[in-house]
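Colleague: Next come a sequence and a model predicted from it.
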Amino acid sequence: MSLFNLLSVSASGMSAQRKRAEVLVENLANAETTRTPEGGPYRRKDVIFESAAAQGPFSAVFASQLRGTPGNGQTMEGVRIAEVVQDQREPAKRYQPGHPDADKDGYVAYPHLNPAEEMVDLMSASRGYQSNVAAMAAAKDMIQKTLDLMRG
């Protein structure tokens, strides 16, 4: 396992968590949206991750240099967005007969999401991003220490 590949793995995790945070913020911003261009209320979205081979500038550059080194036969796994799925549940109905989007019975369809749950998920995405930053900093420090040892 190369220290440089660790940077690619952490970068893929940071990218995935950033996209997850964007989707969660979109959910929070549309928590009360009753009308969308597609018709009906906003539908909650969720990000699905999957493992993927680590990609990045370090993987290709150093792979040829590291052939034959101990432990280099391992494949590095990162993460990527498999898909962004929409909630298919029925919208939550609230009785508001004076609302412009009320149906004939006076009920308004709202997105089926819980803002508190979205905030907890957003904090989780933030912590995941921070963990990847810390892992990247640790790999960078190890690379720097190795270069310092090789100089002296």
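Modeller: Structure's in. What do you need? From a predicted model like this one, the values you see are computed outputs, not experimental measurements.
Colleague: what residues are up against residue 37?
Modeller: Residue 37 makes no contacts at all, as judged by Cβ atoms under 8 Å, 6 or more residues apart in numbering. C-beta: built from backbone N, CA, C; applies to glycine.
Colleague: mind checking the backbone torsions on it?
Modeller: Backbone torsions of residue 37, given as degrees, to the nearest 10, read phi -60, psi -30.
Colleague: Also residue 36?
Modeller: On the backbone of residue 36 - angles per degrees, to the nearest 10 - the values are phi -120, psi 160.
Colleague: With only the CA atoms kept, save stretch 115-130 in PDB.
Modeller: Taking Å, rounded to 0.1, in the frame of the first residue of the first chain, the C-alpha atoms of stretch 115-130 are listed here in PDB:
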ATOM      1  CA  PRO A 115     -35.500  18.400   9.500                       C
ATOM      2  CA  ALA A 116     -33.900  17.100  12.700                       C
ATOM      3  CA  GLU A 117     -32.900  13.800  11.000                       C
ATOM      4  CA  GLU A 118     -31.500  15.700   8.000                       C
ATOM      5  CA  MET A 119     -29.400  17.800  10.400                       C
ATOM      6  CA  VAL A 120     -28.000  14.700  12.100                       C
ATOM      7  CA  ASP A 121     -27.100  13.300   8.700                       C
ATOM      8  CA  LEU A 122     -25.500  16.600   7.800                       C
ATOM      9  CA  MET A 123     -23.400  16.500  10.900                       C
ATOM     10  CA  SER A 124     -22.400  12.900  10.000                       C
ATOM     11  CA  ALA A 125     -21.300  14.000   6.500                       C
ATOM     12  CA  SER A 126     -19.300  16.800   8.100                       C
ATOM     13  CA  ARG A 127     -17.600  14.400  10.500                       C
ATOM     14  CA  GLY A 128     -16.800  12.000   7.600                       C
ATOM     15  CA  TYR A 129     -15.300  14.900   5.600                       C
ATOM     16  CA  GLN A 130     -13.200  15.900   8.600                       C
END
